[in-house]
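# Prediction below, plus the sequence it came from.
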Amino acid sequence: MKSGLVSNALNKYWRAGFVIELIFIDAVALLICAFDVFRFWLGGHSFSSAVNVAIEKLREGEGAAVTAAVLLFLVVGLPMILALIASLPAIHERWPNLFHPRSGGVVASHLLFSIFVASFTAIAIAMEVLAGYENNDGLKYGFRSSWLGLVFLGQPLWASYISPIIRKFFIRLPHEKEPLSKVAKEIITEEPFEQHVA
Amino acid sequence: MPYRLSPFLALLLCLSACSDSHWHPDPASSDAKSLKIAVFWSSAGNEQNYSASQEAAKLAQDTPEVKALQDFVQLEPREDAESVEQAIEYARRIRDDPEVLAVVGHSYSGTTRAALPIYEQAGIPVLIPTATSPYVMYKFDQHADWPSVGELEDRESRYTTFRNAFRLIPSDVPSQVEAIETTTLRLLGVKTEESPNPSPPANPSAKKPKIMLVCDVTRRNGAFVYTRPICESLLHERNPQRSIATYVARYKEIDAETVDVWEMVTEIHAVMRKEEAKRIVFVGYSELARVLLEELQERSESVKDEMRKYTFIMSEACLSNELLDFGATLYVTSPFNPSRVVKCVPNLEKVLKEKNIVPSAEAYVYDAVVILAKAAGACKAKSQLGRECVLDYLQENGDNLPGQCEQYWIGKGERKAAPYYVYTSCGGELKPTWEIGNDNDIYEKWPCQQRAK
């Protein structure tokens, strides 16, 4: 019974996201990565050095968190977003032929792509560090990866807003016996959680 | 409801947004406001803890080129590694530091050789002021069998050089090898094409003179990287007119860590027993030279062998007045020109006199900093102050890199057309006596007044 529920939830919210459109997104991401490699090479840098350094650093655990997070996001998060979009009535009614769940080739291709792009994230970090800073109007990386820029896009959001929310979420949840939605609502409306804990 | 999973999605997004600040620092939140030029120095082998590189870097801070850039680029003197493993560790730290613009160093050929592949990964320009081994510049597996110098320099060689390394000091092969050969032949009284008027031999009817060749192959500090090509070239009779290979009665490789100095000196006594003038060519660092001279001096009375009968022809790493204390006659070949150094490096003469130091790499380190500052200045003017632009500048201007002391012509990373000098004792200190020109002829440029008296 319980496994049936889990399986249903997985099908509805995750597997349903493996649509052909996912491959288009993958292709766009791959193009961004290829563009990065080309720009890096054009700057006189060695891509193989970046790969070697990335491997060396991953072994030491440096950059592993970002790589794992990107892999998780691509394997779990991206199909879930697409499943969410596909389930929206407006989309469903307007473009009935879009977002048809696929299996086999699409799943395998996306998993392969996810591994490649997650690895590329570690390489992109190495590429930026190896290029060093430039000091013109302040310090900036001499090479800035477009892909890494995309990955780090949420960084200000993380630092200023989402981070405290998640912190609150994890602190509040064990202390409350209320439904998840209520806890989430209280946190988002910035109700002082210290009072609740006390 | 898919919306229930939105916190999980948000968590994933946030996780992917958290970067590792240690490995990939954010320049916007960094405390640093300028780039760095790392200058490696070492005072190893100097009892007064004097370092030519450190002193020169300190004095170079006052040059107009460096001052003009002080808001953008800072000099950062760093103590050099004592071992190859440590050098690799230091080089990795520099490679991982995006603030480093360029490197001046390292102090030894072994440590430079080990560090260069790591700097190349990050495209960091490296100016080499003291490491002289030809191995330094070539790419090959450090742990495999090392190729011979001939294999490296072969026109069809598969070995390529590091594109980010520029050596200001002339390479040991051929420059220092030819200087040692010319000096030794001159002292042996052998007539060569280049030297038609050699010093008269002590006894014209005497048999062919013998010399001993001692090579410092200490692994710990990578001395073998520096000495092996020199010793190999000295033993290889490429040009019979100029080679000393036929005079070498005994060739000895010694490692400072494992050597039995007593046994070594016994061997020297045995080989040189019948020689009136005992000539030893020593290729290595001053630490080992001192140990050898100490033991020779200590046992000179017991074997009735006066130290003044010993003449050492030493490589440039032995350019230290401290080696004169043992009573042997020293001839030290060197690419350093002290008469120029004290003129082109302001305030250096006073420091050298105070500490009774023979100038060595000061001019090269000083020039390395000046050249890098000029390169950085040119890049700043183009609003491209970074490693890539500095490297391009050095490559484009390699045939004419003007320093404060010398003008450098660098082809494939190697210094071209540089003279060599021979130092000997004069008034209790090592002073240059001869200049060996590009034609391998000896010019007696600085006759020692004190010695003549």
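Arrived safely. Bear in mind that the values here come from a model prediction, so they are computed numbers and not experimental data.

# Which SSE is immediately downstream of the helix or strand harbouring residue A:127?
Assessed by DSSP states H and E, residue A:127 sits inside helix A:105-131. Where DSSP H and E defines the elements, the next helix or strand beyond helix A:105-131 is strand A:133-136.

# And that next one, what's buried?
Neighbour counts over strand A:133-136 (16 or more other C-beta atoms under 10 Å in any protein chain shown) mark A:133-135 as buried. (Glycine included, C-beta is placed from N, CA and C.)

# Would you mind marking which of these are also close to chain B?
Filtering the buried residues of strand A:133-136 for proximity to chain B by C-beta under 8 Å from any C-beta of the partner chain leaves A:133-135.

# What is the nearest of the residues you listed to residue B:280?
residue A:133 (50.8 Å; C-beta to C-beta).

# hang on, that closest one packs against residue B:25?
No. The criterion here is C-beta atoms under 8 Å, and residue A:133 misses it with residue B:25 at 9.2 Å.

# Now for these two: what residues contact both?
residue B:98 (C-beta atoms under 8 Å, 6 or more residues apart in numbering or on different chains).

# measure stretch B:45-57 end to end?
Across stretch B:45-57, the terminal residues are separated by 19 Å (C-alpha to C-alpha, to the nearest Å).

# which residues of chain B score low on pLDDT?
B:1-21, B:191-206, B:449-453 (pLDDT under 70).

# Could you report the separation of residue B:244 from chain A?
From residue B:244 over to chain A the distance is 43 Å, taken as C-beta to the nearest C-beta, to the nearest Å.

# Quick one: neighbours of that residue, just the number.
The burial count assigned to residue B:244 is 23, neighbours taken as other C-beta atoms under 10 Å in any protein chain shown.

# Same check on residue A:65?
Residue A:65 has 14 nearby residues by other C-beta under 10 Å.

# Give me the pLDDT for it.
Residue A:65 is assigned a predicted lDDT (pLDDT) of 86.

# returning to that earlier point: and the helix holding residue A:127, what does it pack against?
With contacts taken as 3 or more C-beta pairs under 8 Å, 6 or more residues apart in numbering or on different chains; DSSP states H and E, helix A:105-131 sits against helix A:20-42, helix A:47-59, helix A:64-72, helix A:146-151.

# can you state the direction angle for the second one and helix A:20-42?
Using axes from the mean of the first three to the mean of the last three C-alpha atoms, to 10 degrees, the interaxial angle of helix A:47-59 with respect to helix A:20-42 works out to 110 degrees.

# Helix A:47-59 near chain B at all?
Yes. Applying C-beta under 8 Å from any C-beta, one finds that helix A:47-59 is in contact with chain B at A:49-50, A:52-53, A:57.

# Could you list the buried residues of that helix?
Result for helix A:47-59 [16+ other C-beta under 10 Å]: buried residues A:47, A:49-51, A:53-54, A:57-58.

# Compute the mean per-residue pLDDT across that helix, please.
96.

# Which elements pack onto that helix?
Against helix A:47-59 (3+ C-beta pairs under 8 Å, 6+ apart) you get helix A:20-42, helix A:105-131, helix B:109-121.

# Tabulate these (a markdown table), appending distance to residue B:102.
A markdown table is the format used below for these (distance: least, C-beta to C-beta, whole Å):
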| stretch | distance to residue B:102 |
| --- | --- |
| helix A:20-42 | 20 |
| helix A:105-131 | 14 |
| helix B:109-121 | 9 |
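
# Go through these and pick out the most buried.
Sort the helices and strands packed on helix A:47-59 by mean neighbour count, taking mean count of other C-beta atoms under 10 Å in any protein chain shown, and helix B:109-121 sits at the top with a mean of 25.

# Next up, the contacts around residue B:60.
Per C-beta under 8 Å, 6+ apart, neighbours of residue B:60: B:66, B:75, B:365-366, B:369-370, B:373.

# who touches residue B:341 in this structure?
B:348, B:359, B:362-363, B:405.

# Apply 6 Å and report the result again.
B:359, B:362-363 (C-beta atoms under 6 Å, 6 or more residues apart in numbering or on different chains).
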